[in-house]
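Novice: Got a predicted model here, sequence first, then my questions.
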Amino acid sequence: MTDTRVTLPFPRTPKYGPAEKTAVLKLLDSGQLSEINRGPATNALEAAFVRLTGTRHALSFNSGTASLHAAIHAVGANPQAGVAVSPMTWISAITAIFQAGSYPVFCDIEPDSPNIAATSVAGVADACSAVLATHTWGIPARMDRLTEATDLPTVEDCSHAHGAIYQGRSVGSWGAAGCFSLQESKAVSGGEGGILTTSDREVYERALTLGHHPARLATELTLPELRPLADTGAAYKYRMPALSAVIAREQLRSLPDRMLAAEHNLAVLRTALEEFDAPVAWPALGELSVRGWYGTPLTISVRVPDPRKLHEQCKAAGIPVRSLYEDWTQTPLLQRPDLAARYWPHVAESPYRPPTSESLPNYYKALRQMIVLKVPQIPAEDYMQQVAQTLAAVLARTVLTA
């Protein structure tokens, strides 16, 4: 195969189009950009996420991180029992565990997916009070295996997986709570923002107390043990700006069409890579499952001697690769409990122990063998064909000949 590169530009439309602009102008004309109660903007968005996930409740926040903090608090995480979590996630999912008064217990990922392994969770369940399962890069975690492995409450981090389905059931509805980021790079964006979904009224109300205005607490708190908090809550001020809510609502309307386009583009890429005999493997979704769209993980099926070089050559050739997350487990914050305790004093008295690389073999193999591609969310067959040809050429010269 001759050397080649991607010359076509990445196909995209403006992130925020006419529908979002119209919604923002309408809101500006209303003169009400702050909703201390469940106002029309937040009400519409929360109701839309209830419909999307099939849950009973949805609760808006000013970030996905805030929704994770609230969810982990709401399911009962505590300082003496950790939260099982995968290292292959964004750092905020890990620090939200500290913020909620607990500490992370790192579990390995599955050998054939980027998600937390139920067998690893089962091995630490006795030392944990909850599980945080990220649907990494939009690939749904195997929630049935997790629920069989432990009775611990599970929080789903759905930040990469808006619209995703696992075994016929929406992500965000499997666990005790689901959390969605609406940050700008996500498939559904409000610029910033977050949504918590749940069918458990107690989880909903406990999450509500963490960061919402007393006006909303007074209206919605019904549980006797929480009613004393109606005047104050915990006062983190986590509520979502109305501007973010109306933008995200319009983004949610266009999501199905964008998902279909991305699915078709991925099919074109996969067929072309198979025709080029490229040494890549794809994560299996399983029956009645639909993936979300944040990144597309591909596992190189022959050993990658130099992952950094492969990533650099892909970028130099114009392949739309997304950087893998840093190895958070080896950062000073997570290796030195004294640093963590500066921000979260309970860590000093908790059983937290820094993770070791030896305990996470599948994770470290994935860091070496995985690349993540960005897939356009508008029709782009010619572009995907060019990406496939270029990726096959790069793999041929950097991996197959190593």
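Specialist: Arrived safely.
Novice: ok, for residue 249, nearest residue in space, not its chain neighbours?
Specialist: residue 45 (4.9 Å; C-beta to C-beta, 6 or more residues apart in numbering). The way it works is simple: take the backbone N, C-alpha and C, and place the C-beta from them, glycine included.
Novice: Which helix or strand contains the one you found?
Specialist: Assigning secondary structure by DSSP states H and E places residue 45 in helix 40-53.
Novice: Who are the packing partners of whatever helix or strand comes next after that helix?
Specialist: As assigned by DSSP H and E, the chain's next helix or strand after helix 40-53 is strand 57-61. Using 3 or more C-beta pairs under 8 Å, 6 or more residues apart in numbering; DSSP states H and E as the contact criterion, the secondary-structure elements in contact with strand 57-61 are helix 40-53, helix 64-74, strand 194-198, helix 201-211.
Novice: Redo those as TSV? Include mean pLDDT and mean neighbour count.
Specialist: Supplementary listing: the helices and strands packed on strand 57-61 in TSV, determined by pLDDT from 0 to 100; neighbours: other C-beta atoms under 10 Å:
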stretch	mean pLDDT	mean neighbour count
helix 40-53	98	20
helix 64-74	98	29
strand 194-198	98	30
helix 201-211	98	22
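Novice: Using JSON lines, please lay out those together with distance to residue 366.
Specialist: Converted to JSON lines, the helices and strands packed on strand 57-61 look like this (distance: least, C-beta to C-beta, whole Å):
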{"stretch": "helix 40-53", "distance to residue 366": "28"}
{"stretch": "helix 64-74", "distance to residue 366": "22"}
{"stretch": "strand 194-198", "distance to residue 366": "26"}
{"stretch": "helix 201-211", "distance to residue 366": "31"}
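Novice: Which one, of these, ends up nearest to residue 357?
Specialist: Ranking those by their distance to residue 357 (criterion: C-beta to C-beta) puts helix 64-74 first, at 25.2 Å.
Novice: For the chain, which segments count as helices?
Specialist: Listed in chain order, the helices of the chain (DSSP state H) span 18-30, 40-53, 64-74, 91-99, 118-124, 143-149, 201-211, 214-220, 242-275, 307-316, 332-335, 337-343, 361-369, 381-398.
Novice: still on that earlier bit, can I get the helix holding residue 45 as PDB, trimmed to CA atoms?
Specialist: Coordinates of the C-alpha atoms in helix 40-53 are reproduced here as PDB (Å, rounded to 0.1, in the frame of the first residue of the first chain):
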ATOM      1  CA  PRO A  40     -39.500  26.300  32.100                       C
ATOM      2  CA  ALA A  41     -36.000  25.900  30.600                       C
ATOM      3  CA  THR A  42     -34.800  23.400  33.200                       C
ATOM      4  CA  ASN A  43     -38.200  21.700  33.300                       C
ATOM      5  CA  ALA A  44     -38.100  21.100  29.500                       C
ATOM      6  CA  LEU A  45     -34.600  19.600  29.600                       C
ATOM      7  CA  GLU A  46     -35.200  17.400  32.600                       C
ATOM      8  CA  ALA A  47     -38.400  16.100  31.100                       C
ATOM      9  CA  ALA A  48     -36.500  15.300  27.800                       C
ATOM     10  CA  PHE A  49     -33.900  13.300  29.700                       C
ATOM     11  CA  VAL A  50     -36.700  11.400  31.500                       C
ATOM     12  CA  ARG A  51     -38.100  10.400  28.100                       C
ATOM     13  CA  LEU A  52     -34.600   9.600  26.700                       C
ATOM     14  CA  THR A  53     -33.700   7.300  29.500                       C
END
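Novice: sorry, back to before: any figure for the gap between the residue nearest to residue 249 and residue 35?
Specialist: 11 Å (C-beta to C-beta, to the nearest Å).
Novice: I'd guessed the residue nearest to residue 249 sits against residue 195; true?
Specialist: Yes - contact criterion C-beta atoms under 8 Å: residue 45 and residue 195 qualify, at 7.3 Å.
Novice: shared neighbours, those two?
Specialist: By the contact definition C-beta atoms under 8 Å, 6 or more residues apart in numbering, residue 45 and residue 195 are jointly contacted by 58, 60.
Novice: Compare the helices of the chain and give me the one nearest residue 107.
Specialist: helix 118-124 (3.8 Å).
Novice: Could you give the separation of the closest one from the chain centroid?
Specialist: Averaging C-alpha coordinates over helix 118-124 and over its chain gives two centres that are 21 Å apart (C-alpha atoms, centre = their mean, to the nearest Å).
Novice: Quick check: the closest residue in space to residue 65 that isn't next to it in sequence vs residue 132, distance?
Specialist: Beyond its immediate neighbours in the sequence, the residue positioned closest to residue 65 (C-beta to C-beta, 6+ apart) is residue 92, lying 4.2 Å away. If you measure residue 92 against residue 132 using C-beta to C-beta, the figure is 11 Å.
Novice: Now list whatever residues contact both of the two.
Specialist: With contacts taken as C-beta under 8 Å, 6+ apart, the residues that reach both residue 92 and residue 132 are residue 68.
Novice: Among the two, which residue is more densely surrounded?
Specialist: A direct count of neighbours by other C-beta atoms under 10 Å for residue 92 and residue 132 places residue 132 higher, at 31 against 18.
Novice: neighbours around the closest residue to the more buried one other than its chain neighbours, how many?
Specialist: Nearest-residue entry for residue 132: residue 85, 4.5 Å, with adjacent residues in sequence omitted and distances by C-beta to C-beta, 6+ apart. Applying other C-beta under 10 Å, we find 27 other residues in the vicinity of residue 85.
Novice: wait, which of the helices and strands packed on strand 57-61 is closest to residue 267?
Specialist: Between residue 267 and those, the shortest separation by C-beta to C-beta is 23.8 Å, and it involves helix 40-53.
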